[in-house]
Each structure stands twice: as structure tokens, then as C-alpha cells.
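> Predicted model and sequence follow; I will ask about them next.
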Amino acid sequence: MIGFRGMSVESAPEIAADITQRRIGGVVLFDYDVPDRSPSRNITSPEQLSSLTLALQKLSKIPLFIAIDQEGGKVNRLKQSRGFPATLSAEYLGRLNNPDSTTAAALQTARTLKAMHTNINLAPVADLNANPDNPVIGKLGRSFSSNPETVIGNLKLTISAFHNEGIIATLKHFPGHGSSTTDTHRDFTDITASWSEQELEPYRFLIASGYNDAIMTAHVFNGKFDPLYPATLSKTTLTGLLRNKLGFKGVIVSDDMQMKAIADHYGIETAIRLAIEAGVDILLFGNNTSYDPAIASKATDIINSLIQQKIISPERIDQSYQRIMKLKNRYLSVNR
């Protein structure tokens, strides 16, 4: 899943080639270009975005995941200033803890996404607000609550509303980012001392209830699970805990592989190898921490090389392909 620059397919020849030649499985859209510090990226208006997403989808033989982070509140790519409806933060909705309010907010988000021909929301946030001063969760109002029951209740309502409109949900950030004191966009983030078992409760409950859309990993390091690697690169965390212990059968998507918690500590080849070995199904390169127009080519070449060297087996790639196609067939054949 690749991020790119451009408001139209014509202005983004790299992503067009990534779809038609390199057969990437999805794209991720942003309103703001972080490396350029520019408000010009993929989104200017509902009309422009709708045209872009339709044109992207037409390029692909297999329906694309067209993803966006539309959490509401501060993490909100479809802004009111560009003609989209106003949104509410998870923190505000969790404080209200009113089923009607949460459902109405989630339905509005889902209907907006559907009208824009985006099909996967990189939301809702399942993190507990364990540390209100957390620079990337608590301080941005992204968590429903510090109480697992409140989080679970609001997640259930949000996911149900998304499903009513044919939008794929993505719970994040596994196994919990709410207790951290630092931001994985910027640096290595160790939650060994601050993380608690409670942070698994939303995942445990929802997976047991049949949730099998997508779950996004956190780039957090937790020595309780793995003394060597952060969650995105940890087989004991993703395969051992999420797949085997919690029983998750859906798609595991990495958080952005270019974020500094990964990019500054592992080379791209090592990071891709470890993520695939750990159990990641979709490697996400947002191209919005750093920008590399050739990132899809590089990643594809690395994966092919790992297979040729017999470091990664074709069967391992096929496992991810089957999970991805199951999810696409469940939603995207209807939406096209």
C-alpha cells in the first residue's frame, strides 16, 4: 500500500505505473504533504477526490484498497475547509459515551468515504488512553477512553456503522500505543514498563466476536513480548499473540514502514523481511514521513529477491494474498 503525490492520475505517473506494472494492492491518501510542508497532496475538494479515486480504481485489474486515516477530530484528512463534513474526536465521543452519538458520527464518516470511493478507513483507534500526555494518542484525542469497556462499546458501534456502508475498518495500533511517552513517527518507542494487559482487551473482545477486517500494527517496542523487535517486526507479537493466542484471521497491515521508529533503526530490506516473517500481510509505505517515488519498485524487488534466495517462501506470500483477497471479495466486488 503506497502513498503518492498528485491530485489526479495524470499528475501522478509513478502511482499509475505502481498499479499497472508493479501490481500494488492499495494506495493511501493524505491531505497534507509532511516532507514538503505543503497542504497540497491528494485532496482539494470532494469533486477532485472522487475523480482521483475512480481513476485509480480503473487502473487496477484487482480492486484496490483505497485507504485514508479518517478518525475524526485532529486526525482527519477530509477537512471541513475543503468541503467535507465536520467530525468529532474519539475522545469527545468516548466522554459522551452515547450510542446514538457514536453511531451518527461513524455513519457520517462512512457515508463520506463511500461517496469518495475510498473503501478502507485506517480507523478506529483501539488504544486505551492510558497516558493522557501521550504525544501521539492522548494529546490528540484519538482514544475513546482509558476504560476498556468504553473503548469496546464505541468500537463495536463504529465498526458496525462502517460495515453498514461497505467500509472496511482497521483497528489500531496493536498491541497498544496508548501508554507511550514518545511518538513512533519520530523515534524508537519503548512501552515495556508502561504497557498493561488491559490494552489487549478491545482486540480480545472484538476478535472473539468475529471481527476479521484489518488490524494495524504499532512500531512500539515491548520487551514483555519480544526482547529484540518492535511489534511490526515481531513474530511472537503478530503470529504468536495476535494470530495464535487471540485467533485473528483477518488482514494485518503495518503502520508506515518509513516512520523513524523503523526507518532509523533497520535497513529497508531487513525491515521488509522481518515484517513478512512476523506475519504482516500489507506493507504500508505512506511516503509522507520521507518521500521516495520509487519505494514500490524497491519493495517489490526486495520481496522478489527474498523469495529467490529462499529466505521467504512463496507459501508465506500466498497466505497473505489469500487473506487480502478474502477481505477484498467480501467488500470490494460490491463497491465497484
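It's in.
> Just the C-alpha atoms of stretch 85-99, please, in CSV.
Output in CSV follows, covering the C-alpha atoms of stretch 85-99 (Å, rounded to 0.1, in the frame of the first residue of the first chain):
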residue,chain,number,x,y,z
PRO,A,85,-18.5,17.5,6.9
ALA,A,86,-17.2,18.4,10.3
THR,A,87,-16.0,15.5,12.5
LEU,A,88,-15.8,14.6,16.2
SER,A,89,-12.8,13.1,18.0
ALA,A,90,-12.9,9.7,19.6
GLU,A,91,-12.1,11.3,23.0
TYR,A,92,-15.2,13.5,22.7
LEU,A,93,-17.4,10.6,21.7
GLY,A,94,-16.0,8.4,24.5
ARG,A,95,-16.7,11.1,27.1
LEU,A,96,-20.3,11.3,25.9
ASN,A,97,-20.5,7.5,25.6
ASN,A,98,-23.8,7.8,23.9
PRO,A,99,-24.6,5.0,21.4
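> Please work out which residues outside it touch it.
70-74, 76, 78, 80, 101-102, 105, 108-109, 112, 124-125, 129, 140-145, 150-151, 153-154, 157 (C-beta atoms under 8 Å, 6 or more residues apart in numbering). Yep, even glycine has a C-beta here, placed from its N, CA and C like the rest.
> next one: stretch 111-121
Contacts with stretch 111-121, where a contact means C-beta under 8 Å, 6+ apart, come from 26, 29, 46, 49-50, 53-54, 57, 63, 65-70, 78, 84-85, 109-110, 162, 165-170, 214, 331-332, 335.
> List buried residues within those.
If you count burial by 16 or more other C-beta atoms under 10 Å, the buried members of those come out as 26, 29, 46, 49, 53, 57, 63, 65-70, 78, 84, 109-110, 162, 165, 167-170, 214, 331-332, 335.
> Select from the contacts of stretch 111-121 every entry located in strands.
26, 29, 65-68, 70, 170, 214 (DSSP state E).
> before we move on, the earlier item: of the contacts of stretch 85-99, select the buried ones using a PyMOL command.
If you want just the buried ones from these in PyMOL, going by 16+ other C-beta under 10 Å, the selection is:
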select buried, resi 70+71+72+73+76+78+102+105+108+109+112+124+125+129+140+141+142+143+144+145+150+151+153+154+157
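> which one is E199 nearest to, not counting chain neighbours?
Excluding the flanking residues, the one nearest E199 by C-beta to C-beta, 6 or more residues apart in numbering is G176, at 3.1 Å.
> Give me the number of neighbouring residues for the one you found.
28 (other C-beta atoms under 10 Å).
> just L283 next, same as before
24.
> Can you give me the separation between it and N76?
From L283 over to N76 the distance is 25 Å, taken as C-beta to C-beta, to the nearest Å.
> Q319 too?
Distance from Q319 to N76, by C-beta to C-beta: 34 Å.
> quick one: contacts for K298?
Neighbour list for K298: 268, 292 [criterion: C-beta under 8 Å, 6+ apart].
> which element is it on?
Assigned by DSSP states H and E, K298 belongs to helix 295-308.
> tell me which residues in that helix are buried?
295-296, 299, 302-303, 306.
> Throw these into TSV and include distance to S38 and pLDDT, thanks.
TSV is the format used below for these (distance: C-beta to C-beta, whole Å; pLDDT from 0 to 100):
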residue	distance to S38	pLDDT
I295	19	96
A296	22	97
A299	25	96
I302	29	96
I303	31	98
L306	35	98
